[in-house]
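Novice: From the sequence below, what's the structure:
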Amino acid sequence: MSLDQWSDRNELLNSFGRTIHHETNGLVRGVTLDLADDCMIVQGNARSYYGIQLAIQALKQLGSKQRLFSETQLQLQVEGNPVSFSIAHPQPEQTGEPASTPGDRGHSELTDAASRVRAS
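Specialist: This next block holds a predicted model:
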């Protein structure tokens with residue numbers, strides 16, 4: 001791994017760590033992250049089971065925004081009890097065909113709830 005790749009990877013992991021801390025309102029602490037194959041591994045300590053719920057929601061949102069890995073392993077401790085989850089991040093299906101809209105006739109259409117307007 002080159003220095004640039006290592007730097008980009010660490011920047012990404014640090015960003016995810018900050019997001020998890022922010023989205024869990026500090027209820028998940030001591031977060032460590034690592035990437036292994038097609039999986040992100042998140043470890044840490046949760047102050048409550050509610051913190052775990054917030055962490056799961058944050059990881060689902062992160063997974064839907066990025067396409068670098070297809071699964072997250074969440075491994076937390078709550079009051080000394082280990083809790084583990086596997087969160088899948090489904091990848092969008094690629095059909096190979098360009099997206100089109102109904103009535104696609106070479107011009108774009110803008111639609112709102114009140115009316116239909118064509119932009120030329």
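
Novice: all strands for the protein, in order.
Specialist: 28-36, 39-46, 71-78, 81-88, 108-111, 116-119 (DSSP state E).

Novice: Could you report the neighbour count for the spatially closest residue to residue 57 that is not a sequence neighbour?
Specialist: The shortest distance from residue 57 to any non-neighbouring residue, by Cβ to Cβ, 6 or more residues apart in numbering, is to residue 23 (7.1 Å). Bear in mind the C-beta positions are built from the backbone N, C-alpha and C, glycine included. Using other Cβ atoms under 10 Å, residue 23 has 16 other residues around it.

Novice: which non-adjacent residue is nearest residue 29?
Specialist: Counting by Cβ to Cβ, 6+ apart, the residue nearest residue 29 is residue 45, at 5.4 Å.

Novice: again, but for residue 12
Specialist: Nearest to residue 12 is residue 68, by Cβ to Cβ, 6+ apart, at 7.4 Å.

Novice: which residues touch the one you found?
Specialist: 12, 35, 40 (Cβ atoms under 8 Å, 6 or more residues apart in numbering).

Novice: Am I right that the residue nearest to residue 29 is in contact with residue 79?
Specialist: No - in this structure residue 45 lies outside contact range of residue 79 using Cβ atoms under 8 Å: 9.3 Å.

Novice: The two: which is more packed in?
Specialist: Between residue 45 and residue 79, counted using other Cβ under 10 Å, residue 45 has the larger neighbour count: 15 against 9.

Novice: beta partners for the more buried one?
Specialist: Note on residue 45: beta-bridge partners residue 29, residue 77, judged by DSSP bridges.

Novice: Give me the pLDDT for it.
Specialist: As predicted, residue 45 sits at a pLDDT of 96.

Novice: Distance of the residue nearest the centre of the chain relative to residue 14?
Specialist: Centroid-nearest residue in the chain: residue 62, 1.6 Å away (criterion: Cα atoms, centre = their mean). The gap separating residue 62 from residue 14 is 13 Å, by Cβ to Cβ, to the nearest Å.

Novice: quick one, what contacts the residue nearest to residue 57?
Specialist: Listed by Cβ under 8 Å, 6+ apart, the contact partners of residue 23 are 54, 55, 57, 58, 61.
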